[in-house]
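When you get a sec, could you give me coordinates for this:
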Amino acid sequence: MAKILILHTGGTIGMTRTEAGYRPDGEYFRQAVFHMDSLKAKGMPEWDFLETDPLLDSSLMTVAEWNTIGQVIADRYSQYDGFVILHGTDTMAYTASALSFMLKGLNKPVILTGSQIPLCETRSDGRDNLITSMIIAGAGKVREVCIYFGGLLLRGNRATKYSADGMQAFVSPNYPPLATAGISIQYNDSALLHRRSDRFEMRAFANVPIGVIKVFPGIRFELFESVLTGKLRGVVIETFGSGNIPDVGGKLLPLLEKARANGTVITVCSQCPQATVDINAYETGHMFVQAGAVSGRDMTTEAAVAKLYYLFSVYSDPERIHYSMERDIRGELTAKEDL
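Just a heads-up that it's a prediction; the model follows:
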C-alpha cells in the first residue's frame, strides 16, 4: 500500500471564521483530517500529516516558503510514495510552478490542492479535493507536480487561477488536463511526463530580484526606467496578443537595450491566457528581437517567474539563462517543433 505525506501549509481549506474574517486554524484542521472517515476507508493509501509553521494565507507566500516546502519533500523523499500539499488558491499556481523546477528528477506525484470554501463549512469542496488528491497520489501514475481541483488534474506549471468564486478555480489554457475525476479517474496518458532517468535533487531558489510589468493602453515606459536597472535580474513583460506592445515615442527600446546590457533577462509572455508569443510576428513586437528579449511562448506568467528564479539559482551567466528560458525543461512550454 502506498504511503503519502499530507503537508498543510495554510490556505482556505484549513481556515475557520473569526471576527476579522477567515484565518488558518491548525488545531481545528488537524482534528478534522484525523476524524475524516473517508481518509481511512479501504483502498485509501496510508498517510502521515505535517504542518508548516506558521500556516499562511497563500497571498503571503514567498520564495522562502517555496524553499521550505521543497525541502520538506526532499528530506522525506525516500519515506513516501507521494505528497499532497494543502495550499491556498491565490498563489497555488506559483508554488506548483516553483516546485516543478525545484524538484529535479522527480519520479513521484506531488499534488497541490485546497478549497474555495473552508472545510469547517457545510458546502466545503475541500473534502473531495483532498480525498481525490490522495487517491491520485497513491496510484503513482503521475510523476510530476500537479494541481488537483474541482475534478481536474492539471500540470502545475501549466495552470493558472481562473476563478475566485467557482469550484473549478484553475485552468490549463495551453495544455490538456492530465486526468479528469468523474465516477472514475480517467488519465490522459499521452499528456503525462515520462519517467525521469536523472537523479532526484532539490535546488533551493536564490531570492533574486524578479519583476513583472503588465502592458496597458497608454503606458508610459519612461516611468519604468528606475525599475529596469542592473539590480533587476529578470523581468516578465505581459504584452498584448502574441507579443505586441505599444512604443509611442520610441521610449521602450532604449530601456530594454539598457536592461539587457546590464544582464537583465527579459521574458515576453501574453496577457491572453490562451496564446503563444511570437515576437517576430508583428512589427509592434519586433523591438523585443532588437533588444534580445526571450519569447515565453505559451508559458504562463507564473511558470515564467518561477523558471527565472530557478535558472538564476543554477547559472550565473545571463546568456545561459536566456538560452534556457526558451527551452522546455519541465513540460512548462510547447517546443516549436510540436506546434
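
need the longest strand for the protein.
As assigned by DSSP state E, the longest strand anywhere in the chain is strand 46-56.

which residues are contacting that strand?
1-11, 14, 24, 26, 30, 33-34, 39, 65, 68-69, 72, 80, 84, 88, 134 (CB atoms under 8 Å, 6 or more residues apart in numbering). Any C-beta I mention is one placed from the backbone N, CA and C, and that applies to glycine too.

Filter those residues down to the buried ones, PyMOL style.
Selecting only the buried entries of the contacts of strand 46-56 in PyMOL, with 16 or more other CB atoms under 10 Å as the criterion:
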select buried, resi 2+4+5+6+7+8+9+10+11+14+24+33+39+65+68+69+72+80+84+88+134
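
Among the contacts of strand 46-56, name the ones in helices.
The helices, defined by DSSP state H, take in 26, 30, 33-34, 65, 68-69, 72, 134 from the contacts of strand 46-56.

biggest separation within these, which pair?
Using CB to CB, the two most remote members of the ones in helices among the contacts of strand 46-56 are F34 and E65, lying 24.4 Å apart.

Which positions in stretch 140-158 come out as buried?
142-158.

what about it, start to end distance?
20 Å (CA to CA, to the nearest Å).

Stretch 39-55 now?
22 Å.

Run the chain-centre distance for it.
With CA atoms, centre = their mean, to the nearest Å as the basis, stretch 39-55 stands 22 Å off its chain's centre.

the residue most distant from the middle of the chain, which is it?
Most distant from the centre of the chain: G249, at 36.2 Å, with distances by CA atoms, centre = their mean.

quick one on the thing from earlier: for the longest strand of the chain, what does the pLDDT average out to?
The predicted model gives strand 46-56 an average pLDDT of 97.

quick one: the helices in the chain?
26-34, 63-75, 92-102, 126-139, 252-261, 286-290, 301-314, 318-325.

picking that back up, please name the strands paired to the longest strand of the chain in the sheet, noting orientation.
strand 3-10 (parallel) (DSSP bridges).

about what we covered before: take the ones in helices among the contacts of strand 46-56 and write them to JSON lines, including pLDDT and distance to A191.
As requested, these are exported to JSON lines (pLDDT from 0 to 100; distance: CB to CB, whole Å):
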{"residue": "G26", "pLDDT": "94", "distance to A191": "35"}
{"residue": "R30", "pLDDT": "97", "distance to A191": "35"}
{"residue": "V33", "pLDDT": "97", "distance to A191": "30"}
{"residue": "F34", "pLDDT": "96", "distance to A191": "35"}
{"residue": "E65", "pLDDT": "98", "distance to A191": "29"}
{"residue": "T68", "pLDDT": "98", "distance to A191": "30"}
{"residue": "I69", "pLDDT": "98", "distance to A191": "24"}
{"residue": "V72", "pLDDT": "98", "distance to A191": "27"}
{"residue": "M134", "pLDDT": "98", "distance to A191": "21"}
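
okay, the residues you listed in TSV with distance to G263 next?
TSV is the format used below for the ones in helices among the contacts of strand 46-56 (distance: CB to CB, whole Å):
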residue	distance to G263
G26	43
R30	47
V33	47
F34	51
E65	27
T68	29
I69	29
V72	33
M134	45
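
Of the helices of the chain, flag the one that's most buried.
The highest mean neighbour count among the helices of the chain, using mean count of other CB atoms under 10 Å, belongs to helix 92-102: a mean of 28.

Using PDB, write out every CA atom in it.
Only the C-alpha atoms of helix 92-102 are listed here, as PDB (Å, rounded to 0.1, in the frame of the first residue of the first chain):
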ATOM      1  CA  MET A  92      -1.000  27.900  -5.800                       C
ATOM      2  CA  ALA A  93       0.000  28.100  -9.400                       C
ATOM      3  CA  TYR A  94       3.100  30.000  -8.500                       C
ATOM      4  CA  THR A  95       4.100  27.400  -5.800                       C
ATOM      5  CA  ALA A  96       3.300  24.500  -8.200                       C
ATOM      6  CA  SER A  97       5.500  26.000 -10.900                       C
ATOM      7  CA  ALA A  98       8.300  26.700  -8.400                       C
ATOM      8  CA  LEU A  99       8.200  23.100  -7.100                       C
ATOM      9  CA  SER A 100       8.200  21.700 -10.700                       C
ATOM     10  CA  PHE A 101      11.600  23.400 -11.300                       C
ATOM     11  CA  MET A 102      13.000  23.000  -7.900                       C
END
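
quick one on the thing from earlier: in CSV, list the helices of the chain along with distance to G230.
Converted to CSV, these look like this (distance: least, CB to CB, whole Å):
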stretch, distance to G230
helix 26-34, 43
helix 63-75, 20
helix 92-102, 24
helix 126-139, 43
helix 252-261, 8
helix 286-290, 20
helix 301-314, 14
helix 318-325, 11
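
Which residue is the nearest non-sequential neighbour of the residue nearest the centre of the chain?
Nearest to the mean C-alpha position of the chain, by CA atoms, centre = their mean, lies S97 at 2.8 Å. Closest residue to S97 apart from its sequence neighbours, by CB to CB, 6 or more residues apart in numbering: A306 at 3.7 Å.

In this structure that neighbour contacts A93, no?
No: counting by CB atoms under 8 Å, A306 does not reach A93; the two are 9.2 Å apart.

what's the overlap in contacts for the two?
Shared contacts of A306 and A93, defined by CB under 8 Å, 6+ apart, are absent.
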